[in-house]
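Asker: Got a predicted model here, sequence first, then my questions.
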Amino acid sequence: MSDLTWQIISSEYINKHIYFTARRDRCLRNDGVIVDPYYVVELPTAATAFALTKENKVVMVRQYRHPVSEVLLETPGGFVDEGEAFDVAMKRELIEETGYDFEQVEYLGKFAANPGILNNYTEMFLATGGKKIAGQKLDKNEEIEIVELTIEELIEQLLAQKIIQSVHVNCIFLSLIKIGRLKFV
């Protein structure tokens, strides 16, 4: 196999903000072709979880997503703070967004949402044994509704394409496999 990596000749930041840092790269391919410009959006690592309560309900969140102008049903999650362990960030996000604490948070893997332009990964978790212990502690720009679904209701939502955040769909599929609710024949 040939080496398809590119060398960055130069980078220029267009915007620097925690939630939107964009840069313009000038790159050199191994075949000598210059790629200019190539735009990259830098984002922190994110984490999301399939959150299952002690009563076997899936804790989901509904929130307005301005870029697509829709209210979406999603798995809970958010950005990992710099220096924070992924599992610690996931437990923090679960409590902040839902008020639920989970006995176990198991790592499932990571996905890149759009590696053609975004440089971050989302870490996936299966959280089990959830119990409501507090109210939500939302950021000032967050407005989140908590939705509890049975696993059957969640699967219906998936099949009806009512859950459209692709990274969250991946987390749900990995979790359904892990808990034995989805098998490949």
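Answerer: Cool, got the structure. Residues are numbered from 1 along each chain as shown.
Asker: Read off the pLDDT value for L126.
Answerer: Per-residue pLDDT puts L126 at 98.
Asker: That should have said N170, apologies.
Answerer: Reported pLDDT for N170: 97.
Asker: what do you get for L73?
Answerer: Per-residue pLDDT puts L73 at 98.
Asker: which residues sit in contact with it?
Answerer: Contacts of L73 were listed using C-beta atoms under 8 Å, 6 or more residues apart in numbering, and they are 60-62, 147, 157, 162-163. (Glycine included, C-beta is placed from N, CA and C.)
Asker: can you put the residues you listed in JSON lines and add pLDDT?
Answerer: Listed next are these as JSON lines, based on pLDDT from 0 to 100:
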{"residue": "M60", "pLDDT": "98"}
{"residue": "V61", "pLDDT": "98"}
{"residue": "R62", "pLDDT": "98"}
{"residue": "V147", "pLDDT": "98"}
{"residue": "Q157", "pLDDT": "97"}
{"residue": "K162", "pLDDT": "96"}
{"residue": "I163", "pLDDT": "98"}
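Asker: which is the next helix or strand following the longest strand anywhere in the chain?
Answerer: The longest strand of the chain (DSSP state E) is strand 122-132. Of the helices and strands lying after strand 122-132 in sequence (DSSP states H and E), the nearest is strand 145-149.
Asker: Could I get the buried residue list for that next one?
Answerer: When burial is assessed from 16 or more other C-beta atoms under 10 Å, strand 145-149 yields the following buried residues: 147-148.
Asker: And stretch 14-28, by the same measure?
Answerer: Judged by neighbour count using 16+ other C-beta under 10 Å, the buried positions of stretch 14-28 are 21, 23, 25, 27.
Asker: tell me the average confidence for it?
Answerer: 94.
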